[in-house]
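Trainee: Have a look; sequence and predicted model below, questions after that.
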Amino acid sequence: MSGVFINLAYLLASVLFILGLKGLTHPRTAVRGNLLGAIGMLIAVAVTLLDQRILDFSMILVGLVIGAAIGAVMAVRVQMTSMPQMVALLNGFGGAGSLLVAGAELMTGAEQSATSAAALPLQVTLIAAAASGLIGAVTFWGSLVAFGKLEGFLKDIRLTGQQAFNAILAVIVLALSGWLIYDPTTLWVYWAIVGVSSVLGLSLVFPIGGADMPVVIALLNSYSGLAAASTGFVLGNNALIITGSLVGASGIILTNIMCKAMNRSLINVLFGVWVPSDSAGSADDVYAGKVKAASAEELGMLLETARRVVIVPGYGMAVAQAQHAVRDLVNLLEQRGADVEFAIHPVAGRMPGHMNVLLAEADIPYDKLKEMDEINPSFEQTDVAIVIGANDVVNPVARTNPSSPIAGMPILNVDKARSIVVIKRSLSPGFAGIPNPLFAADNTLMMFSDAKKGAMDLVTALKEA
Amino acid sequence: MELFVFALTVFVLAIFVGFEIITKVPPTLHTPLMSGSNAISGITLLGAVIAAGAQHTLLTTILGLLAIIVATINVVGGFLVTNRMLGMFRRKD
């Protein structure tokens, strides 16, 4: 089969990927978009099987069957609450795939790739291979650490001198890359690059805390694309270059959105040390004597007369698997004539769009899910705002106290609602480590409960009210 | 060198296309966007298939096999889980 035909098929596949991503710009067209992407991938793989360099199909078949089985089981069994973990793992596999392919291509040798349709200069191949090894290994190990943290079996580890250590590792990788390019016969250097980059990947992600996971996952998503693109340069394959760049761009955009939503720079997330400041006052000063707890019955009476209710979900809702109970509450409120909407902060949950997926799983229509900028002006006309398992994203000190660690972070202006109900297990601080004056406000009632039980108790109380 | 410039051109233009399209994806679909882009970044499967089938050395075959496994997990897992999530969004229309 001629190289021209294969490359035309790759062009078709790339067009289908672009159309597929375009489909994701609206929930109505998104399923079809995903299908177009899958068809593109099928075409790309099918024509690759016609490549003359393939002499034996047995290993290919074995790999495809094993990979497809694992992937299908993961996709079918994963819970929506665990989607950040799943995406973290997939990011890691993408990085690993790219570094393995780049390694195999180097081992196959330049003399063979020179006979392929699109041979790039040897130096370009080597630079790209070094980049694949670096980015692929950082992505793989970084993603595994992110997975472990999301699953809760890895803790944040910060060592003094960590940044100097990372800088040294980066310099070693650069030096090894220079060596590989200078003397392409020393192929073991590629694996040394992979080894040192693996340590770098671990060391980069270990210190990053749970609240910053949305940024880390988005960034590793971008890296997995860039690794594929650089492997595309190693192979001289446009399909990999195009697709890798699309994914790289996607991850960068999401990373940027997440950073803005936390009012932090990417550098600050990656290398900065999060210092909880005491300028926000101690928890006792903020809470003593001012926090009012309410029973489900009292809250039921409050909700009974509400005309407009806004629900603010946070990570606590995901942990408690409360989305279905929340849906029941929404249905009941709507039956009673109330207007109910959801206010979604961009960094609510552990990855971009996490809350939206959970609420969609519970059959809540996506047009009820409002972005921060859209819903913020409406809190003043809101009778009751119900905060479920969220903390820092509704902390008014971000607006009022310029010396607070979260100063300037865009927040949901829940404090402007007429009444506020906060369902939370305790007064423990969020990731910012500061008390939240919202919980002590005159118009706030606390319901100390697990998110799921709290929502169910409200449903019961509202039915009886 | 001409081929390199050509590949670089493709790379840069694709990044621009990516930025243009993906800034239009609404926040509601950001999680499916990530899992869907995971799926298409499994495109390294193309290189993996050739490495595993070319019978160059035992080492390259093993590397290719491992690469096929992880890339196929990405492709199959990514597309299936994205489809599952997007189905949840579509039901309410």
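Mentor: That came in fine, so what should we check first? Residues are numbered from 1 along each chain as shown, chains lettered A, B, ... in the order given.

Trainee: Surely A:P402 is within a helix?
Mentor: No: using DSSP: H, G, I helix; E, B strand; the rest coil, the assignment for A:P402 is coil, not a helix.

Trainee: What helix or strand is residue 14 located in?
Mentor: Just so you know, I chose chain A. Using DSSP states H and E, A:S14 falls within helix A:3-23.

Trainee: You answered for a different chain; I wanted chain B.
Mentor: With DSSP H and E as the test, B:A14 turns up in helix B:2-22.

Trainee: Buried by neighbour count: which residues of that helix qualify?
Mentor: For helix B:2-22, a neighbour-count test (16 or more other CB atoms under 10 Å in any protein chain shown) marks B:F4, B:A7, B:V10, B:F11, B:A14, B:I15, B:V17, B:G18, B:I21, B:I22 as buried. Bear in mind the C-beta positions are built from the backbone N, C-alpha and C, glycine included.

Trainee: closest to A:A218 among these?
Mentor: Distance to A:A218 across the buried residues of helix B:2-22 (CB to CB) is lowest for B:I22, with 11.5 Å.

Trainee: about what we covered before: of the buried residues of helix B:2-22, list those near chain A.
Mentor: Near chain A, judged by CB under 8 Å from any CB of the partner chain, the entries from the buried residues of helix B:2-22 are B:F4, B:A7, B:V10, B:F11, B:A14, B:I15, B:V17, B:G18, B:I21, B:I22.

Trainee: okay if I get the residues you listed as a markdown table plus pLDDT?
Mentor: Formatted as a markdown table, those follow (pLDDT from 0 to 100):
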| residue | pLDDT |
| --- | --- |
| B:F4 | 88 |
| B:A7 | 91 |
| B:V10 | 93 |
| B:F11 | 94 |
| B:A14 | 95 |
| B:I15 | 94 |
| B:V17 | 94 |
| B:G18 | 94 |
| B:I21 | 94 |
| B:I22 | 94 |
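
Trainee: ok, the closest residue to chain B within the stretch 301-450 of chain A - how many residues close by?
Mentor: Here the stretch 301-450 of chain A gets closest to chain B at one residue, A:G353, 3.2 Å apart by CB to the nearest CB. By other CB atoms under 10 Å in any protein chain shown, 27 other residues sit near A:G353.

Trainee: Look at the nearest residue to it once chain neighbours are set aside and give its secondary structure.
Mentor: Spatial nearest neighbour of A:G353, excluding adjacent residues (CB to CB, 6 or more residues apart in numbering or on different chains): B:H30 at 3.2 Å. When classified by three-state DSSP, B:H30 comes out as helix.

Trainee: just the one 4 residues further on next, same as before
Mentor: Using three-state DSSP, the structure places B:M34 in helix.

Trainee: Now for it: which residues touch it?
Mentor: A:V87, A:I217, A:A218, A:N221, A:S250, A:G251, A:L254, A:M351, A:P352, A:G353 (CB atoms under 8 Å, 6 or more residues apart in numbering or on different chains).

Trainee: A:S143 versus that one, what's the distance?
Mentor: 12 Å (CB to CB, to the nearest Å).

Trainee: right, and B:L63 touches A:L100 too?
Mentor: Yes: under the criterion of CB atoms under 8 Å, B:L63 makes contact with A:L100 at 5.0 Å.

Trainee: so what sits against both of these two?
Mentor: B:A51.

Trainee: Among these two, which residue is more densely surrounded?
Mentor: The neighbour comparison of B:L63 against A:L100 (other CB under 10 Å) goes to A:L100, with 31 against 25.

Trainee: Test for you: state the pLDDT assigned to that one.
Mentor: Per-residue confidence for A:L100 comes out at a pLDDT of 97.

Trainee: likewise A:L200?
Mentor: A:L200 is given a pLDDT of 95.

Trainee: List the contacts of it.
Mentor: A:L134, A:A137, A:V138, A:N166, A:L169, A:A170, A:V173.

Trainee: now A:L42
Mentor: Contacts of A:L42 by CB under 8 Å, 6+ apart: none found.

Trainee: which element is it on?
Mentor: helix A:27-48.

Trainee: What helices and strands are in contact with the helix or strand following that helix?
Mentor: Next along the chain after helix A:27-48, taking DSSP H and E as the criterion, comes helix A:58-77. Packing partners of helix A:58-77 (3 or more CB pairs under 8 Å, 6 or more residues apart in numbering or on different chains; DSSP states H and E): helix A:83-108, helix B:45-53, helix B:58-72, helix B:78-90.

Trainee: mind redoing it with 7 Å?
Mentor: Under the contact criterion of 3 or more CB pairs under 7 Å, 6 or more residues apart in numbering or on different chains; DSSP states H and E, helix A:58-77 touches helix B:45-53, helix B:58-72, helix B:78-90.

Trainee: What's the local residue count around the residue lying closest to A:V138 once chain neighbours are set aside?
Mentor: Nearest residue to A:V138 in three dimensions, chain neighbours excluded: A:G201, at 3.8 Å (CB to CB, 6+ apart). As a burial measure, A:G201 scores 27 neighbours (other CB under 10 Å).

Trainee: Tell me which residues of whichever helix or strand A:G201 is part of come out buried.
Mentor: Under the criterion DSSP H and E, the helix or strand holding A:G201 is helix A:188-205. Across helix A:188-205, burial judged by 16+ other CB under 10 Å covers A:189-194, A:196-205.

Trainee: so how far is it from its chain's centroid?
Mentor: 23 Å (CA atoms, centre = their mean, to the nearest Å).

Trainee: tilt between it and helix A:83-108?
Mentor: Here the directions of helix A:188-205 and helix A:83-108 differ by 160 degrees (axes from the mean of the first three to the mean of the last three CA atoms, to 10 degrees).

Trainee: residues of the very next helix or strand once past helix A:188-205 that come out buried?
Mentor: Per DSSP H and E, the first helix or strand lying C-terminal to helix A:188-205 is helix A:213-235. By 16+ other CB under 10 Å, the buried positions in helix A:213-235 come out as A:213-235.

Trainee: out of everything not next to it in sequence, what's closest to the single nearest residue of chain B relative to chain A?
Mentor: Closest residue of chain B to chain A, CB to the nearest CB: B:T72 (2.5 Å). Ranked by CB to CB, 6+ apart and with sequence neighbours excluded, the top spatial neighbour of B:T72 is A:G67, at 2.5 Å.

Trainee: these two touch, right, that neighbour and B:G77?
Mentor: No: the pair A:G67 / B:G77 is not scored as a contact, 8.7 Å apart, by CB atoms under 7 Å.

Trainee: Domain parsing of chain A, as residue ranges.
Mentor: Per automatic domain parsing, the structural domains of chain A span A:78-271, A:283-464.

Trainee: Could I get those domains in a markdown table, plus columns for distance to B:P26?
Mentor: Listed next are the domains of chain A as a markdown table, based on distance: least, CB to CB, whole Å:
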| stretch | distance to B:P26 |
| --- | --- |
| domain A:78-271 | 11 |
| domain A:283-464 | 8 |
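
Trainee: Show me which residues of stretch A:366-384 are buried.
Mentor: A:Y366, A:L369, A:K370, A:M372, A:I375, A:N376, A:S378, A:F379, A:T382, A:D383, A:V384.

Trainee: I figured the last one was touching A:N443, is that so?
Mentor: No: if you go by CB under 7 Å, A:V384 and A:N443 don't touch, sitting 9.8 Å apart.

Trainee: Now the common contact residues for these two.
Mentor: A:S419 (CB atoms under 7 Å, 6 or more residues apart in numbering or on different chains).
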